[in-house]
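> okay, here's the prediction I keep looking at, along with the sequence it came from:
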Amino acid sequence: MAIKLISGLKGEWYEPEQEGEDKSRFKIEPLTGLQYHELIGHINDSGKLDTDGVKKCLRYGLKNWENIGLDFSVETAIKQLPAKYLLLISSRIFEISSFDGEIEKNSESQSK
């Protein structure tokens, strides 16, 4: 059976839970296979990305923002967003970068 390429992973506008009506949102894109593999090495004992992993994940997957009040740059995000949001955004990027078993399911159904 031929190797099945990763497809179907899509970016999104992510809106973390926030107070108030004027909410910020973040344009995020999934990681490539190699980026995802690199970041697996940055998962700590509690199952979360370590500090370097969070930074790399944001550099790879954070593409824009709305309703922040500053021009977008990943470096500005890393320096000025509260840690809570850095963790939430990087976790969501990592989450949308995996099919969570869909590749195996697709492979099984194609082989039948």
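Cool, the structure landed.
> need the helices for the chain, in chain order.
33-40, 51-61, 74-80, 83-95, 102-111 (DSSP state H).
> next, the buried residues of the first one.
For helix 33-40, the buried set under the neighbour-count rule, 16 or more other C-beta atoms under 10 Å, comprises 35-36, 39. In short, each C-beta sits where N, CA and C put it, glycine included.
> and if you look at the second one?
Within helix 51-61, the residues scored as buried using 16+ other C-beta under 10 Å are 53-58, 60-61.
> from the rest of the structure, what touches that helix?
Around helix 51-61, the neighbours that count as contacts under C-beta atoms under 8 Å, 6 or more residues apart in numbering are 28-32, 35, 38-39, 41-43, 49, 74, 77-78, 86-87, 89-90, 93-94, 97.
> which members of these are classed as buried?
Buried positions within the contacts of helix 51-61, assessed by neighbour count (16+ other C-beta under 10 Å), are 28-31, 35, 39, 42, 49, 74, 77, 86-87, 89-90, 93-94, 97.
> for the closest residue in space to residue 96 that isn't next to it in sequence, give its distance to residue 23.
The spatially closest residue to residue 96, leaving aside those adjacent along the chain, is residue 30, at 4.9 Å (C-beta to C-beta, 6 or more residues apart in numbering). Relative to residue 23, residue 30 is positioned 23 Å away (criterion: C-beta to C-beta, to the nearest Å).
> any chance of the buried residues of helix 33-40 in CSV, plus distance to residue 11 and pLDDT?
Formatted as CSV, the entries for the buried residues of helix 33-40 read as follows, by distance: C-beta to C-beta, whole Å; pLDDT from 0 to 100:
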residue, distance to residue 11, pLDDT
35, 14, 95
36, 14, 93
39, 17, 94
